[in-house]
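K.L.:
coords please:
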Amino acid sequence: MPESSASRASPPVWHALPVDECLSVLCTHRGGLTADDAERRLADLGPNALPSPPRRPAWRRLLAQFHNVLIHLLLVAGVAAAALGHPVDAAVIFGVVVVNALIGFVQEGKAQHAMEAIGRMLAPKARVLRDGHRRTLDAECLVPGDVVLLKAGDRVPADLRLIESQGLRIDEAALTGESVPVEKCTATVAEDTALAERVGMAYAGTMVAGGQGVGVVVATANATELGRISALLGRVQPLTTPLLRQIEHFGRRLSVVIVSLAVAMVVLGWLLHDTPLLAGFMAGVALAVAAIPEGLPAIITITLAMGVRRMAARQAVIRRLPAVETLGAVSVICTDKTGTLTCNELVAARIGLADAAWAAEQAGARAPALLEAAVLCNEAAADGHDGDPIERALIRLAQAAGVDVAARREAHPRLALLPFSSDYKFMATRHPGRICLKGAPETVLARCDRQRVGDDEQPLDTDHWHALLDAMARDGLRVLALAEKRLDDDAACLDLAMVERGLCLLGLVAFIDPPRPEVPDAIAACRSAGIAVKMITGDHAATAAAIARALEIAGDDGVLTGPELDRLDDRALAERVEAVNVYARATPEHKLRLVTALQACGRVVAMTGDGANDAPALKRADIGVAMGIKGTEAARQAAEMVLADDNFATIVAGVEEGRGVYDNIRKALMFILPTNAAQALIILLAVLAGLAVLPLTPVLILWVNLVTSVTLALSLAFEPLEAGVMKRAPRSPTQGLLGGYIVWRVVFVGALLTAMSFAGFLLWVDGGGEPALARTVALNMLVAGSVAYLFNSRRWTAPGWTPEALLANPWAWLSVAVLALLQAAVTYWPPAQAVFGTQGLGWREWGWIAALSAALFIVVELEKAWLRRWMN
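P.N.:
The predicted structure follows:
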C-alpha cells in the first residue's frame, strides 16, 4: 500500500506526473481500489477529515478575561472597598468586573470557529469506483488511490489527479481567488506551476461548475491543499488590537502612579502630622479608590458597542468589539480582487471585428451576426441568469443590443451539439443551414480561412486578429472567438471533422470582471484619509494590473507575482512591500507573508477576502474583513468584521466609525480622568494639611466614580463624528491612548475641580458648618463642575457653547437630567443621606456651586480658544 502524501518526506508532484505514473505510484488502476484495500488504507491513514480544533475549557476562557491590568486595578478597588467596611460598594465594583469579563468571554473563539468552518467545506458524500463498481460513500472514507467520479454541482471531496475530463470546469475561487471556472484536462504541467494553473488537478473544497470528470485521490485530510490552509491558519497568532495594547499600557502606568502617590501620602502624613500608620493606610486606600477610574471599562465597552450598532446600520457586522476601534487605526487595506473590488460577474467589455475593436455597446449596430452566433452557440438560460459565467455574459450582451434571445433560438433551433472539451477548447452547435462555434481564439483562428466584413466575407487577415488579441491581453481581458460555417443541408449531425477548417471568423468578444461601481469613490476616500490600498489576488498579472489601473491603485512598481515574491527574502520584501500596490498569482502563504511584512513596517493592516485561501491572512491582520454574501464560512469565521453587502465602500464607513469611536473613547478619558485626579488630590491635600476629617469618604468617591462619572461619560459614546475625521492621516499604532493634550487637560481641569471642591469644603468647615454639610458641598461642587466640563469635553478644541455644539447630542442633556435626579436623591432623600453621610443644601450653597461651575466652563473655553489661536 502506498504512503499518503502527508507521510512522505518528499511527496510526488502530482500535477507534473502523467496519469499512468500517478496510478502506478498509488498502486491503483482506473477501476478503483478493492474494498479490502481501501479498508486497510483507511485504517492506516485515518479518515478524510480535518482534525477538530482543540477547545479550551469554558472556565479557562472565562479566567483569561481577568488577565488585564485595568481589571486588576478594579479588583484592588473592590478589595479596598471591602476592607473599608463597604460591602455594597465592593459588590458594585466586582459586578463591573464580571460584566466586562462576560462580554469578552462571549466574543472568544474566533480561530477555532474558522478551522471548523474549513472542515465543513469537505464534501459529505463522494461517488467512487470500488471493485470496478460505482458506489456512493461518506467523503471521510476516501483514501489515496480511490477513483472519484465528478459531475456538475459536486464539491470535490479530496485532492484529485484527473484521469478523464469531459468539458470539466471547476470553480476554484474559494481556494485561489480565480473569478472564472477553470477548464480542466488530464495534461501535465511543470512542477513549479502555480496552484491556479494546474489544469490536471481538482482540489478539495472546490465546486464542479460544469461537465464531468474522473480523478484519482492523491491526498486526503491534512495532506490536501485545504488541509494545508487549515494548518497554516492554526499556526497564525492573532494580534491584540491597538486599543487593547494602549489600555494595557495605560493601566500599567496608572497603577504605578497610584501606588506611588498612596505610599508618598502615607509617609508624608506620618512625617508631618504623626498620622497613625493604620489611619494613613486607610487614607492611602481611599486615594487609590479615588484615582482608579472604575467606570472606564464599562464606558469603553459601551462606546465600542455603540460603534458596533452604528456599523450594523451601515451593513457591517462586527464580531469582536475592539475591532470597531481598530478600523480607525488602519493605515493599509490589503484587498482581494474578485468579489471585493470587482463584481465577481463577467461582462463583455469590447468586441473585435475585421475593421477594428469597439466598445461592447456597439455590438448591436456593428456585429449582428456575432450576436446571433453568441446566443445560438450557448447553453445559458435565455434570461441570462443560469449557466456558465462567460455564456451568461454573452446573453446579456445580446439582450443589451435588443436581441430577443428566446425568439432567435426558436427561429434557429439547435440540431446537434459538440460540447466544449479542454482537448479541443471550443464548443459548436448545428442549426438549419449553418454551424456556430465559439472557443479559445488561437483554436478558432486555426480553423478559419475567412472573416466577416458587414454582410460580406473576405480572406482572413491573421495579423490583424493577432494584433487585436495582443491588445486585449495587455488590458487583462479574457477573449473568446466566434465563427460560423454555412451548410447546404439540415442534417442533425455534428463532429470534429466538420469544423476542422473552412470557417468564417465573426469576431472576438473580450470580457472583464468589472470594478464594483462604488469602489472608485471608496478608494478615493481611503486616499484622502491617508490609507494605502493594496490588491492581493490569485488572478493573472495582466488582469490584476487592468483592474488596478481602472481603480487608480497601480503603483509605480507595477505588479509583483507570487513566484517573484518567493524569490525575495524578508529584508528585500520589506523594502518593496510599501511601494508595490498590486500582487498577482498570490497563494495563502503569500498573502500571510505580505500582511506580516506590512505589520513589520509599522502599519495597521486590514485584510479583506472571501475565500478559504484568505482565512490565514484574515486572522493575522489587525482586522480581517470578510464578504458576507459571497464569502465562504471559513473566511467569515476568521474575520473580525463581515460585510453584509459585500461592499468595499462599507470598509471606508467602518474606518470613519472607528475613528469616531476612538475619538469618543479619548473624550471619555479626557472627561473622567480629571475627576479622578481631583478626588485623589483632595484626599492628598487633606492628609498633608492634617485635616481631622476627609472631604470625601470612600463611599462618596465610589458614588462619583461609578455613578456620576459613568452617567455623564456614557453620553460621549453617542457623540457625532468630528468634522474632517476622514481628512486626517491614520494615527500611529505607537501613539499613546492619552497623549500630551489629554494629560494637560487632566492636570489643568483636575486642578480646577480640586480647587472648587476643596475650597468649598474648607469654607463651610471653617464657617462652623457640620462636616456632613461641608462634604455635601464638596461632593456637589465636584459633580456640578463635572457637568460643566462635560460640555467642554464634547469638542476637542472647537467651541462648546455654540447652539450646534450644545444641541448635537441630546443624550448629553438626558444624562444631565438623570444625574440631577440622582444627585438630588443623594442630597435630600433621608435613606440616601444615611448611607452617604450627606446633608441637604440651601440656596446659598447652590448659588456658589452654580457660579463656580459656570466659571470652570468659561475658563476651559478660554483655554480652548487660546489653543485654536495658537494652532492657527
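
K.L.:
what's the helix or strand containing L773 packed up against?
P.N.:
Using DSSP states H and E, L773 falls within helix 771-793. Counting contacts by 3 or more C-beta pairs under 8 Å, 6 or more residues apart in numbering; DSSP states H and E, helix 771-793 is packed against helix 648-688, helix 698-703, helix 709-714, helix 739-766, helix 810-828, helix 843-871. Placement of C-beta: from N, CA and C, glycine included.

K.L.:
mind putting those helices in CSV, distance to A173 included?
P.N.:
Below are the helices and strands packed on helix 771-793 laid out as CSV (distance: least, C-beta to C-beta, whole Å):
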stretch, distance to A173
helix 648-688, 17
helix 698-703, 57
helix 709-714, 45
helix 739-766, 44
helix 810-828, 45
helix 843-871, 50
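
K.L.:
Surely G213 is in a helix?
P.N.:
No - with DSSP: H, G, I helix; E, B strand; the rest coil as the criterion, G213 is strand rather than part of a helix.

K.L.:
Next, count neighbours for it.
P.N.:
Here the number of neighbours of G213 (other C-beta atoms under 10 Å) works out to 26.

K.L.:
What of D386?
P.N.:
For D386, the count of nearby residues is 12 (other C-beta under 10 Å).

K.L.:
For it, which three-state class applies?
P.N.:
Here D386 is recorded as coil under three-state DSSP.

K.L.:
how much space is there between it and A471?
P.N.:
The spacing between D386 and A471, counted by C-beta to C-beta, to the nearest Å, is 32 Å.

K.L.:
returning to what we had before: mind giving me JSON lines with the helices and strands packed on helix 771-793 and columns for mean pLDDT and distance to G78?
P.N.:
Formatted as JSON lines, the helices and strands packed on helix 771-793 follow (pLDDT from 0 to 100; distance: least, C-beta to C-beta, whole Å):
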{"stretch": "helix 648-688", "mean pLDDT": "88", "distance to G78": "16"}
{"stretch": "helix 698-703", "mean pLDDT": "80", "distance to G78": "10"}
{"stretch": "helix 709-714", "mean pLDDT": "84", "distance to G78": "16"}
{"stretch": "helix 739-766", "mean pLDDT": "89", "distance to G78": "24"}
{"stretch": "helix 810-828", "mean pLDDT": "94", "distance to G78": "21"}
{"stretch": "helix 843-871", "mean pLDDT": "92", "distance to G78": "31"}
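
K.L.:
got those as a markdown table, with mean neighbour count columns?
P.N.:
Shown next, in a markdown table, are these (neighbours: other C-beta atoms under 10 Å):
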| stretch | mean neighbour count |
| --- | --- |
| helix 648-688 | 24 |
| helix 698-703 | 24 |
| helix 709-714 | 24 |
| helix 739-766 | 19 |
| helix 810-828 | 16 |
| helix 843-871 | 15 |
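
K.L.:
just so I know, which of these lies nearest D138?
P.N.:
Comparing the helices and strands packed on helix 771-793 by their distance to D138 (C-beta to C-beta), the top pick is helix 648-688, with 39.4 Å.

K.L.:
re earlier: what's downstream of the helix holding L773, the next helix or strand?
P.N.:
Proceeding N to C from helix 771-793, the next assigned helix or strand is helix 803-807, under DSSP H and E.

K.L.:
Dump the C-alpha coordinates for that next one into CSV.
P.N.:
Written as CSV, here are the backbone C-alpha positions of helix 803-807 (Å, rounded to 0.1, in the frame of the first residue of the first chain):
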residue,chain,number,x,y,z
PRO,A,803,-26.0,76.1,19.5
GLU,A,804,-24.7,73.4,17.1
ALA,A,805,-22.4,72.0,19.8
LEU,A,806,-25.0,72.2,22.6
LEU,A,807,-27.7,70.5,20.6
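
K.L.:
pLDDT (mean, whole number) over that helix?
P.N.:
Over the span of helix 803-807, the pLDDT mean works out to 83.

K.L.:
Tell me the spacing between the residue nearest in space to the middle of the chain and V375.
P.N.:
The centroid of the chain falls nearest to V625 when counting by C-alpha atoms, centre = their mean (1.3 Å). Taking C-beta to C-beta as the measure, V625 and V375 are separated by 39 Å.

K.L.:
now R620
P.N.:
47 Å.

K.L.:
re the thing from before, how about the helix holding L773: buried residues?
P.N.:
Of the residues in helix 771-793, those with enough neighbours to count as buried (16 or more other C-beta atoms under 10 Å) are 771, 773-793.

K.L.:
For the helix or strand harbouring T543, which helices and strands make contact with it?
P.N.:
Here T543, judged by DSSP H and E, is contained in helix 541-551. Judged by 3+ C-beta pairs under 8 Å, 6+ apart, the packing partners of helix 541-551 are strand 503-512, helix 519-528, strand 532-536, strand 559-561, strand 582-584.

K.L.:
and L819, which of the ones you listed is closest to it?
P.N.:
Among the helices and strands packed on helix 541-551, if distance is taken as C-beta to C-beta, the winner is helix 519-528, at 38.5 Å.

K.L.:
Now do the closest one and strand 532-536, the angle between them.
P.N.:
Interaxial angle of helix 519-528 relative to strand 532-536 (axes from the mean of the first three to the mean of the last three C-alpha atoms, to 10 degrees): 130 degrees.

K.L.:
Give me the distance between helix 519-528 and the centre of its chain.
P.N.:
Between the centre of helix 519-528 and the centre of its chain there are 17 Å (C-alpha atoms, centre = their mean, to the nearest Å).

K.L.:
Same check on stretch 755-770?
P.N.:
Relative to the centre of its chain, stretch 755-770 is centred 56 Å away, using C-alpha atoms, centre = their mean.

K.L.:
Equivalent analysis for stretch 425-437, please.
P.N.:
47 Å.

K.L.:
In a helix, the residue nearest to the centre of the chain, correct?
P.N.:
No - the assignment for V625 (three-state DSSP) gives strand, which keeps it out of a helix.

K.L.:
Distance check, it against T193.
P.N.:
Relative to T193, and taking C-beta to C-beta, V625 is found at 31 Å.

K.L.:
returning to what we had before: now render the helices and strands packed on helix 541-551 as JSON lines, adding distance to S422, mean pLDDT and mean neighbour count.
P.N.:
Listed next are the helices and strands packed on helix 541-551 as JSON lines, based on distance: least, C-beta to C-beta, whole Å; pLDDT from 0 to 100; neighbours: other C-beta atoms under 10 Å:
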{"stretch": "strand 503-512", "distance to S422": "19", "mean pLDDT": "96", "mean neighbour count": "25"}
{"stretch": "helix 519-528", "distance to S422": "33", "mean pLDDT": "92", "mean neighbour count": "18"}
{"stretch": "strand 532-536", "distance to S422": "28", "mean pLDDT": "93", "mean neighbour count": "23"}
{"stretch": "strand 559-561", "distance to S422": "24", "mean pLDDT": "92", "mean neighbour count": "22"}
{"stretch": "strand 582-584", "distance to S422": "23", "mean pLDDT": "92", "mean neighbour count": "26"}
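
K.L.:
Distance to G837 for these - can I get that in TSV?
P.N.:
Formatted as TSV, the helices and strands packed on helix 541-551 follow (distance: least, C-beta to C-beta, whole Å):
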stretch	distance to G837
strand 503-512	76
helix 519-528	55
strand 532-536	59
strand 559-561	70
strand 582-584	67
